[in-house]
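> Prediction below, plus the sequence it came from.
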Amino acid sequence: MSISSQEICILPNKNNLALLQTNGMPGNLYNICSNLPATPTRLERLLRDRELRKYSKCLNDCEAELPSSTQDCFSPDLETSTCWFNDEELLEPVSASRSLNDDGERLDLRASKQRLLVVANRLPVSAVRHGEDSWQLEMSVGGLVTALLGVKEFDTRWIGWAGVNVPDEIGQKALAKALDEKRCIPVFLDEEVVHQYYNGYCNNILWPLFHYIGLPQEDRLATTRSFQSQFDAYKKANQLFADVVNEHYEEGDVVWCHDYHLMFLPKCLKERNSKMKVGWFLHTPFPSSEIHRMLPSRLELLRSVLAADLVGFHTYDYARHFVSACTRILGLEGTPEGVEDQGKLTRIAAFPVGIDSERFIKALELPEVQDHMKVLKQRFAGRKVMLGVDRLDMIKGIPQKILAFEKFLEENPNWRNKVVLLQIAVPTRTDVPEYQKLTSQVHEIVGRINGRFGSLTAVPIHHLDRSLDFHELCALYAVTDVALVTSLRDGMNLVSYEYVACQESKKGVLILSEFAGAAQSLGAGAILVNPWNVTEVASSIGYALNMPADEREKRHHHNFKHVISHTAQEWAATFVSELNVTIVEAQLRTRQIPPPLPIEVAVDRYSCSNNRLLILGFNATLTEPVDTLGRKDSQINEWEPKLRPDLQEPLRKLCDDPKTTVLILSGSARNVLDDNFSDYNLWLAAENGMFLRVTTGDWMTTMPENLSMEWVDSVKNVFEYFTDRTPRSQFEVRETSLIWNYKYSDVEFGRLQARDLLQHLWTGPISNASLDVVQGRRSVEGAAIDRILGEIVHNKGMKEPIDYVLCIGHFLTKDEDIYTFFEPELPSEVPASVRPQVPTQVRTSTAGSRAALLLKQNSMSAVEQNKSYSIDGDTLHLMVTDRISFQEGSSVLDLQANDYFSCSVARKRSNSRYRLQSSDEVVTLLRELADHR
Ligand SMILES: O=P(O)(O)OC[C@H]1O[C@H](O[C@H]2O[C@H](CO)[C@@H](O)[C@H](O)[C@H]2O)[C@H](O)[C@@H](O)[C@@H]1O
Ligand SMILES: O=c1ccn([C@@H]2O[C@H](COP(=O)(O)OP(=O)(O)O)[C@@H](O)[C@H]2O)c(=O)[nH]1
């Protein structure tokens, strides 16, 4: 499908758009566009959604140009705004906007806005109590609030903590009512929970850890400083948030959870309602997995977050760290899309936040802002002004910033009376002792420097321990010459965006820490610094103050373009769009889950048949399930698969039934199968079908005897070399193959080494060999199935064709050819990749749903020899294979569609017809079969 076909289908037709918006989800659009394929790709979906957003925005913009009498009063009245964000913005009515369709009718677009529940620890307003039932609401400060207030495309409700303890019912009711007017819903947390959850676990543990500051020492004597009690409070608080979400949730709502305070929330929500669309976004950095590993609750937190459908970060680096934590700590599989656990994919992606740039740009025209600017210009006339705006938080590097400024003054005496640093340090988390210490530390340094370089009439540093209102802040942003952002780590840092947005006329310079997320987007225009390097920051201050106008202009222009095009609105819309798409994809994937095996039918058909073949996998099919999570098996004491004791009796009965042939098909070595099955009357295929034996006979290789093994020695050298250099990897020489296993090694290092090893092989020992490269070790080669089947038929002297096949296994997806091999409903012209290596001249379809496999009995002749190697998750397998064809033969397989049962065990995605949940169900099935001879 081309993108232009999307445009034709969607964009010019407003009726389609209206339909889409009524349905809410972009995925629904596909139902109304008959010329679109049923399953568009992810990119197609996202592109479509983006176009729709543009179109919708365009409609809104056109409406904005309508005469004011036709407009509803949803837009903020900046002229009358006296505080950071005024009431109207928070109170934006749901059904306020309308537009015209082709026929001149009005379409109600806003009425159909998607409902969005934003769940964050902090509400955009904090409450101050003035009486028993009287509350005053003040704007909260912080980037999260700024970012989310910019989100306007949705019918949004906020769920969060109002920053205050309200123990009484009257107070709670009154506050809920006041907040309701701002479209906010409170979560009430008592003092003890706030102390342990917010001050403790969030701000004393997760916050410093995620910003690479490390963990505090646990105080064994104080329960309030113990990880466990704080983590318990954290979980309790998250559950309280979940309760409020559940109370207000309506079907179809998007629930968007925010930040490190609520890592447990996705799990709580999904446990209650697995259909809920849940996204989670982290506003802070996500640290390297080596840092996250330190956290005592590392596993639980990662697993809880993975319950979400979509997980977002500001930068690709944070997303990469998260995926790496999931692979290294949880032992899960990281894919380019996200993290996969037992068939459930959690999508992981980067969504860099932005600001509502228009609001800042427009604010500069307001008289209040102009007045402030005038005052500031007069006050600092004749001096260059540098600006710092931060919450008073250790991650912001305020002491480092001030020390660098001191160094600059020290080294540049000529600037001492010509430059001033205005530092706004907004008090934050004042109940946490570390923050209290920081306040005194900063005051001390500022005092010292002012004492050192100040005069009776002027000081070099103006330090404010309070927040400013929006107009004051805009004015400051606009009149200052240099902004100095020296965060030691910062998720994004919106102050740097706001500064750029307000500098269109002055074109001031931004000095930006390379450890702020914003460095990835504004790095080209800013002067990037390492805040720990005080000397470097000091010289950057000099560089910025002396920068020529044309360079300032160029740098500013670059950043300004970014800030106005990557807005908070776009950020939220992209996230929600991606979440919707992710849900659609998950639904499509769910449809691929095979239905449960109808055991009664399988048993019934079994009892009606005369010559049955049962092909059984071994690991995780006939054994107890293995816990792969947490890499519990990553110990050197190798896990030895054992036949489940409760399967012994039914398996014996089945094997002793003359009408039934049982074949155990496994990747295990011969001795493992010998140990488990020697006492049974059945067939064993070991090492992916390389070796075969009936238990009354000896092992035979399914390989021709005259295979050349000349390549082995030189390859062995390479394998040994890499084994030495890859801790915990193992090398094994088998009769027809060499195996290098790195499943116990570091996942990423193992993969890198495997890649490197292959390169060595290709360019060295096997460069001239004829090789068959296969991604993934195959449980059994298609050709091997042919051979095995031929041998069984020959050995048993089968006269009657096989009329019933049951094939059960926990095969990897790439090994599932076994299911299609016997599939009677597949047309005979199915490509070789699907039905591998079965020569077309010997596979003919008789009629309709019937398939017949023609084999020449006793015809194990090799016609072509290949060496093949493959990489799966943790093993490199280099082996000799061959291609065999059967020239002619008699029909050994006469299978009706309803006599074939392919069945995957404990896999959600499979090509099998049916599925069994676990090996417990295998036991049930085999018992039933054994009782129906
Ligand atoms: O709610 P507080 O405890 O008072 O703290 C204020 C907020 O600080 C953090 O903000 C982060 O979000 C910004 C926007 O994405 C980002 O630019 C910045 O780098 C972050 O530090 C915190 O993550 C929020 O949850 C707090 O509300
Ligand atoms: O007096 C002030 C100082 C700052 N801010 C806002 O606080 C936010 C700080 O966000 P940032 O992403 O820079 O860092 P955070 O504080 O969230 O870590 C910005 O939107 C500022 O405009 C504010 O409202 N009043």
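Here it is on my side, so go on. Ligands and ions are numbered 1, 2, ... in the order given.

> near ligand 1, which residues of this structure show up?
122, 142-144, 147, 259, 283-284, 353, 428-429, 490-494 (C-beta under 6 Å from any ligand atom). No exception for glycine: its C-beta is placed from N, CA and C like everyone else's.

> List the ones among those residues that fall in strands.
Among the residues of the chain next to ligand 1, DSSP state E puts residue 122 in strands.

> Mind picking the two most distant members of the residues of the chain next to ligand 1?
353 and 429 (21.0 Å; C-beta to C-beta).

> circling back: between the residues of the chain next to ligand 1, which is closest to residue 194?
residue 429 (11.2 Å).

> Just the buried positions in stretch 284-294, please.
Across stretch 284-294, burial judged by 16 or more other C-beta atoms under 10 Å covers 284-287, 289, 291-292.

> Okay, and which of those map to helices?
Among the buried residues of stretch 284-294, the members found in helices (DSSP state H) are 289, 291-292.

> Show me the strands in the stretch 151-300 of the chain, by range?
Assigned by DSSP state E, counting those that start in this stretch, the stretch 151-300 of the chain shows strands spanning 155-161, 184-186, 254-258, 277-281.

> Pull the contacting residues for the residue nearest the centre of the chain.
Closest to where the C-alpha atoms of the chain average out (C-alpha atoms, centre = their mean) is residue 348, at 2.1 Å. The contact partners of residue 348, by C-beta atoms under 8 Å, 6 or more residues apart in numbering, come to 310-313, 319, 322-323, 337-339.

> how about a cut-off of 7 Å?
311, 319, 322-323, 338-339 (C-beta atoms under 7 Å, 6 or more residues apart in numbering).

> Residue 801 now?
Per C-beta under 7 Å, 6+ apart, neighbours of residue 801: 611, 891-894.

> Columns secondary structure, pLDDT and neighbour count on top of these, output as TSV?
Listed next are these as TSV, based on DSSP: H, G, I helix; E, B strand; the rest coil; pLDDT from 0 to 100; neighbours: other C-beta atoms under 10 Å:
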residue	secondary structure	pLDDT	neighbour count
611	coil	95	19
891	strand	64	13
892	coil	79	22
893	strand	81	22
894	coil	85	18
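
> low-confidence ranges in the stretch 501-650 of the chain?
Residue ranges of the stretch 501-650 of the chain with pLDDT under 70: 591, 625-639.

> and the residue of it nearest ligand 1?
residue 517 (6.3 Å; C-beta to the nearest ligand atom).

> What number of residues are in the vicinity of that residue?
26 (other C-beta atoms under 10 Å).

> Check which helices and strands the helix or strand harbouring residue 792 sits against.
For residue 792, the host element (DSSP states H and E) is helix 782-796. Here helix 782-796 touches strand 660-665, strand 691-694, helix 817-821, strand 852-855, strand 875-884, going by 3 or more C-beta pairs under 7 Å, 6 or more residues apart in numbering; DSSP states H and E.

> before we move on, back to that, give me the subset of the contacts of residue 348 lying in strands.
Counting by DSSP E, the contacts of residue 348 contribute 311, 338-339 to strands.

> Name the residues that touch stretch 399-418?
383-384, 388, 421, 441-442, 445-446, 449, 453, 458, 460-461, 484, 486, 531-532, 534-535, 537-538, 541-542, 545.

> From the chain's centroid, how far away is that stretch?
44 Å (C-alpha atoms, centre = their mean, to the nearest Å).

> Mind listing what's buried along it?
399-409, 412, 415.

> With stretch 676-695 instead?
676-677, 680, 682-695.

> And for stretch 606-615?
Here stretch 606-615 shows 606, 609, 611-615 as buried, counting by 16+ other C-beta under 10 Å.

> Run through who's touching that stretch.
Contact partners of stretch 606-615, identified using C-beta under 7 Å, 6+ apart, comprise 654, 659-663, 665, 798, 800-807, 899, 929, 932.

> Can I have the buried ones of the residues you listed as a PyMOL selection?
To isolate in PyMOL the members of the contacts of stretch 606-615 that are buried, counting by 16+ other C-beta under 10 Å, one can use:
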select buried, resi 654+660+661+662+663+665+798+801+802+803+804+805+806+807+899+929
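
> ranges for the strands of the stretch 551-700 of the chain?
Under DSSP E, counting those that start in this stretch, the stretch 551-700 of the chain gives strands at 612-616, 660-665, 683-686, 691-694, 700-701.

> Relative to the second one, what are the paired strands and their orientations?
Each strand that strand 660-665 pairs with, and the sense of that pairing, follows from DSSP bridges: strand 612-616 (parallel), strand 683-686 (parallel).

> okay, those strands in a markdown table with distance to ligand 2 next?
Output for these, formatted as a markdown table (distance: least, C-beta to the nearest ligand atom, whole Å):
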| stretch | distance to ligand 2 |
| --- | --- |
| strand 612-616 | 58 |
| strand 683-686 | 59 |
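
> Just put the ones you listed in CSV and tack on distance to residue 198.
Formatted as CSV, these follow (distance: least, C-beta to C-beta, whole Å):
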stretch, distance to residue 198
strand 612-616, 55
strand 683-686, 58
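
> Which among the ones you listed is found nearest to residue 156?
strand 612-616 (54.2 Å).

> That closest one versus helix 782-796: what angle between them?
130 degrees (axes from the mean of the first three to the mean of the last three C-alpha atoms, to 10 degrees).
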